[in-house]
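Q: 3D model of this:
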Amino acid sequence: MAYAFAIEPSTYNAFENEEAQIDQCKEWGLLSEKAVKTKAFFYKGNGMNIACSIIGLVDHITAVIQFDNKQLHCIHPSFLKEMQAANYGQKLAAAADEAADQESEPAEPETAKEEAPPAAAAEAKPEKPQTDKPAKEKTKKEKTQKLQLPEEKVKMTAIVKEFTTVPNHFSDTDDEVVIYEAVCIEEPAVEVGAAWSSHSATLKKQELEVGDKITFEGKIVAKKLTKNPVPYKINNPAKIQKQN
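A: You can find the predicted model right below:
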């Protein structure tokens, strides 16, 4: 049986292997940073509760899931994450009841609304441009500083700066991570600066130490490390080689 609600992608990038799938699910927050294998996911929209698997992505904000009938569907990762909650159906019902209650309430008469005195309104009017201008300048500055990161895996170099842990809200133990400095993408040449990655089993085999310079292949994304000013994450580093 085909699902009428399904939005099938015209094209998408399928995960190369389970490791790539797990890494992307971690980035979307669908799996914890300590997860070593995937889990069962469920689609609970349109009054349904059906098993599905995450098989790829159209872009960073569009996941592609597959149902038991092999039909594909595009969905926002955050929406899919909400569906995994045990009380997801109850939340929808409560939201629907609240919306119905608001619609049934009589509209407030316009005469009950208080109008600001003319003097206060005139005083507020010249103040608005003064508060808006710095915000616009700040947004413009932040946009110009944002790096254009490649969407595919690339070759990089980095220096191991620190081994640390960060809180994991889905587990009783913290996640082990590696912080790097002087991170550079080789082609096209881009200086990234600071980045981090999970201290995976692959990295632990290298027996890295602080100060080691390494080359590797991986995918780099804009994802801040919890409680640390490190703005970029390296997903699934592979083909790791020490340079010193």
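
Q: Run a quick check on residue 28 versus residue 81, I expect a contact.
A: Yes: applying CB atoms under 8 Å, one finds residue 28 in contact with residue 81, separated by 7.0 Å. Just so you know, the C-beta spots here come from the backbone N, C-alpha and C atoms, and that holds for glycine as well.

Q: Next SSE downstream of the helix or strand bottoming out on mean pLDDT in the chain?
A: Ranked by mean pLDDT, DSSP states H and E, the helix or strand of the chain with the weakest confidence is helix 118-145, at a mean of 49. The helix or strand immediately downstream of helix 118-145 is strand 154-166, counting by DSSP states H and E.

Q: And whichever helix or strand comes after that following strand, how far out from the chain middle?
A: Once strand 154-166 ends, the next helix or strand along the chain (criterion: DSSP H and E) is strand 175-185. Between the centre of strand 175-185 and the centre of its chain there are 18 Å (CA atoms, centre = their mean, to the nearest Å).

Q: name the helices or strands packed onto strand 175-185?
A: strand 154-166, strand 190-198, strand 232-242 (3 or more CB pairs under 8 Å, 6 or more residues apart in numbering; DSSP states H and E).

Q: Buried ones in it, by neighbour count?
A: Judged by neighbour count (16 or more other CB atoms under 10 Å), strand 175-185 contains these buried residues: 175-180, 183, 185.

Q: just those now: which is nearest residue 207?
A: residue 178 (12.4 Å; CB to CB).
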